[in-house]
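Q: Sequence first, predicted model second:
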Amino acid sequence: MSAPNVSVFMLQRLRDWGVRRVYGYPGDGSNGLNLAFHELGDEVEFVQLRHEELAAFAACAHAKLTGEVGVCMATSGPGAIHLLNGLYDAKLDHAPVVAIVGQQKRMSLGGDFQQEVDLHALFKDVAGEYLADITDPRQTAHVVDRAVRIARARRTVTAIIVPADVQEMAYEEPPRAHGALYAGTPGYRDPVVRPGDDDLSRAAGVLNAGAKVAILVGQGAKHAADEVIEVAELLGAGVAKALNGRAVLPDDLPFVTGSIGLLGTKPSADMMEDCDTLLMVGSSFPYSEWLPDPGRARGVQIDIDAGRLGIRYPMEVAMAGDAAATLRALVPLLERKQDRSWRREIEEGVERWWRLLDARARVEADPINPQLVFHELSARLPDEAIVLADSGSATNWFARHVRLREGMDAALSGTLATMCPAVPYALAAKLAFPRRPVIACLGDGAMQMLGINALIDIARYQERWSSPLVVLVLSNSDLNQVTWEQRVLAGDAKLTASQSLPPFDFAAYARQLGLQGIRVETPGEIGPAWDRALAAGRPVVIDVLTDPEVPPLPPHIRPEHAKGFARAILHGDPESARMVRQSLREKLKDLVTR
């Protein structure tokens with residue numbers, strides 16, 4: 001039996017690592033890789049997307065939601081370039097992704113041949129942990145193995161470059177000779193990492209001494225929910241969540257204060273402002289102004305990556321370790337706090353916050369308050385739903401109004417905060433979990449930029465699913481998040497030339513693709529629209545006309561925010577009257593809600 005060529009062997013090796021689908025777009029620089037899928041049948045599927053950036057986003061989402069390695073593929077030159085944004089999304093959020101890219105034939109390299117790009121210069125940052133060329137068939141096994149193992153072990157992006165002529169060469173085993181490298185059996189299991197007993201004892205001493213303990217969790221605590229709950233119960237603490245840790249704990253627990261930061265909640269801000277002890281688990285939340293003042297609170301941190309210890313807050317005890325294993329080892333050393341007044345204060349603040357969000361969602365707007373859209377969704381979320389958010393004003397409402405329950409999951413571009421991942425995330429989520437309901441939430445800016453292309457892919461694969469897949473679009477004809485940043489952070493008027501968007505009927509476009517499209521123009525249509533979409537047997541786009549002047553109010557309005565808002569009005573913002581009116585309506589609800 002003839003030996004497989006390099007491309008076929010690569011796919012077989014990826015299959016042995018557990019890879020079942022590769023997201024990509026073809027090109028002549030990757031033809032050998034593309035045609036190799038003929039030989040694998042349904043063992044490894046090539047999922048074609050409309051754009052290489054979408055392929056990288058989908059691979060990133062697969063990694064974030066499954067914990068497995070995501071794989072994307074592109075041709076040389078332009079195809080490889082298009083992967084970068086999705087790969088950086090994975091790198092910055094520590095999602096294991098392997099990128100496989102073609103290259104021109106070896107004999108033409110260095111000759112300015114068509115589509116020849118210096119791929120090492122291109123990928124040296126995003127795939128800096130491991131970036132390798134396969135220039136000899138005998139390298140193939142160990143290069144593929146290292147790319148997958150390093151991506152998984154270091155939770156990062158790796159890349160493999162394969163020249164077009166090498167792709168079609170017969171695979172050879174390495175010889176038993178000096179300079180040859182061998183590969184073992186594919187497979188990887190996460191090690192159990194926990195700190196030493198001395199560090200655990202010191203950490204327990206700090207936590208036991210605190211009277212007002214606050215816990216902040218991120219995505220590194222995703223598989224430590226039970227342990228976080230037990231520690232919070234012992235310490236009488238509240239738990240805030242970074243956006244990447246949105247699904248670590250359900251929001252219906254009375255001591256979960258919700259998101260933190262500019263897009264966060266008032267209970268989280270109040271807890272951080274008043275605590276005397278901070279326990280940070282699996283998070284590198286970057287905004288220090290939303291953490292306790294340095295020196296006012298003692299700090300304990302747990303993170304699997306020792307390089308991320310102590311970079312956000314001056315921690316007294318910083319421990320490298322797996323969140324679950326470390327917390328389990330810490331629990332026997334903790335003393336249950338008898339004074340529960342701090343916990344009661346937190347729970348009362350959380351209860352009031354949910355009432356306030358309900359009131360804010362019902363504030364009148366023109367034509368629809370976007371908060372109401374998310375409020376109505378939250379009450380209808382199906383069990384085991386996966387909720388995906390894009391970057392923009394929709395992120396504000398996702399962060400605050402969506403009340404996740406146990407068994408649900410969520411994802412977004414937390415660190416890169418790039419536009420456009422929500423719809424390709426949704427596709428990857430449905431391919432990985434076809435029976436689970438998936439809801440993607442984004443604005444019309446991201447939808448026009450790339451989302452309408454990804455809808456074509458959803459239409460292509462829709463016959464595979466009978467459970468809900470809903471794409472929510474907030475149509476306000478404005479790049480709304482940046483508009484408010486121009487006003488509040490820059491203190492200037494909205495620049496219409498850069499911020500206004502052309503009209504687009506997303507519901508009609510969805511129907512043209514063979515999907516269901518629902519256009520919502522009045523508040524009374526929101527609830528029925530969600531009911532229809534979540535009961536439909538095929539993907540649905542809900543296109544909601546929302547008011548861009550509903551302010552994404554921070555948990556606490558700081559003096560610099562108020563000054564920026566005032567300067568924007570003085571500089572003649574074209575929507576000054578409406579934005580002032582909506583802001584006053586919001587603050588009035590805050591004052592009367594108790």
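A: Right, received. Where do you want to start?
Q: and Leu431, which of the three is it?
A: Here Leu431 takes the helix state, with states given by DSSP: H, G, I helix; E, B strand; the rest coil.
Q: Quick check, pLDDT for it.
A: According to the per-residue confidence, Leu431 scores 98 in pLDDT.
Q: what's it in contact with, if anything?
A: Leu431 is in contact with Arg21, Val47, His62, Tyr461, Arg464, counting by C-beta atoms under 8 Å, 6 or more residues apart in numbering. Quick note: C-beta positions are derived from backbone N, CA and C, even for glycine.
Q: Show the low-confidence segments of this protein, by residue range.
A: Within the chain, the ranges that satisfy pLDDT under 70 run 1, 561, 584, 586-594.
Q: swap the cut-off to 90 and go again
A: Low-confidence segments of the chain, defined by pLDDT under 90, span residues 1-3, 104-116, 176, 178-185, 188-190, 484-493, 537, 551-594.
Q: Pro539 and Gln516 touch, don't they?
A: Yes - look at Pro539 against Gln516 with C-beta atoms under 8 Å: they come within range, at 7.1 Å.
Q: related to what we said a few turns ago, nearest to Gly349 among the contacts of Leu431?
A: When those are compared for distance to Gly349 (C-beta to C-beta), His62 wins out at 37.1 Å.
Q: and the closest residue to the closest one other than its chain neighbours, what are its bridge partners?
A: What sits nearest to His62 in space, not counting adjacent residues and going by C-beta to C-beta, 6 or more residues apart in numbering, is Gly70, at 4.0 Å. Beta-bridge pairing of Gly70, defined through DSSP bridges, involves Val97.
Q: Can you give me every residue that contacts Gly70?
A: 23, 58-63, 90, 95-98, 428.
Q: repeat for Trp354
A: Contacts were defined as C-beta under 8 Å, 6+ apart; by that measure Trp354 touches Arg403.
Q: do Glu273 as well
A: If you count contacts by C-beta under 8 Å, 6+ apart, Glu273 has them with Pro292.
Q: mind checking how far it is from Pro555?
A: For Glu273, the distance to Pro555 under the criterion C-beta to C-beta, to the nearest Å works out to 10 Å.
Q: Mutual contacts of Pro539 and Gln516, please.
A: Overlap between the neighbourhoods of Pro539 and Gln516 consists of Ala510, taking contacts as C-beta under 8 Å, 6+ apart.
Q: between those two, who's got more neighbours?
A: Summary of the neighbour comparison: Pro539 and Gln516, criterion other C-beta atoms under 10 Å, with Pro539 having more neighbours (27 against 18).
Q: Quick check on that one: phi, psi?
A: Per-residue torsions, Pro539: phi -60, psi 150 (degrees, to the nearest 10).
Q: cool, the one 3 residues further on as well?
A: The phi/psi pair for Ile542 (degrees, to the nearest 10) reads phi -100, psi 120.
Q: list the contacts for it?
A: Taking C-beta under 8 Å, 6+ apart as the test, what Ile542 contacts is Val470, Val471, Leu472, Val473, Ala507, Ile518, Val520, Ala529, Trp530, Ala533.
Q: for these, which one is nearest Leu119?
A: Nearest to Leu119 among the contacts of Ile542, counting by C-beta to C-beta, is Val471 at 33.7 Å.
Q: ok, the residue nearest to the spatial centre of the chain to Tyr425 distance?
A: Central residue check for the chain by C-alpha atoms, centre = their mean: the C-alpha nearest the mean position is that of Leu412, 2.5 Å away. For Leu412, the distance to Tyr425 equals 8 Å [C-beta to C-beta].
Q: what touches both of those two?
A: Among the neighbours of Leu412, those also in contact with Tyr425 (C-beta under 8 Å, 6+ apart) are Leu388.
Q: Neighbours of Leu207, how many?
A: When neighbours are counted by other C-beta under 10 Å, Leu207 registers 25.
Q: before we move on, which element is it in?
A: helix 197-209 (DSSP states H and E).
Q: number of nearby residues for Ala177?
A: Using other C-beta under 10 Å, Ala177 has 6 other residues around it.
Q: circling back to that earlier point, which one of the contacts of Gly70 is nearest to Pro78?
A: Tyr23 (16.9 Å).
Q: circling back: quick check, nearest of the contacts of Gly70 to Thr395?
A: Thr395 has its nearest neighbour among these in Ala61, at 15.9 Å by C-beta to C-beta.
Q: what's near enough to touch that closest one?
A: By C-beta under 8 Å, 6+ apart, the contact set of Ala61 is Gly70, Leu388, Ala411, Pro421, Pro424, Tyr425, Ala428, Ala429.
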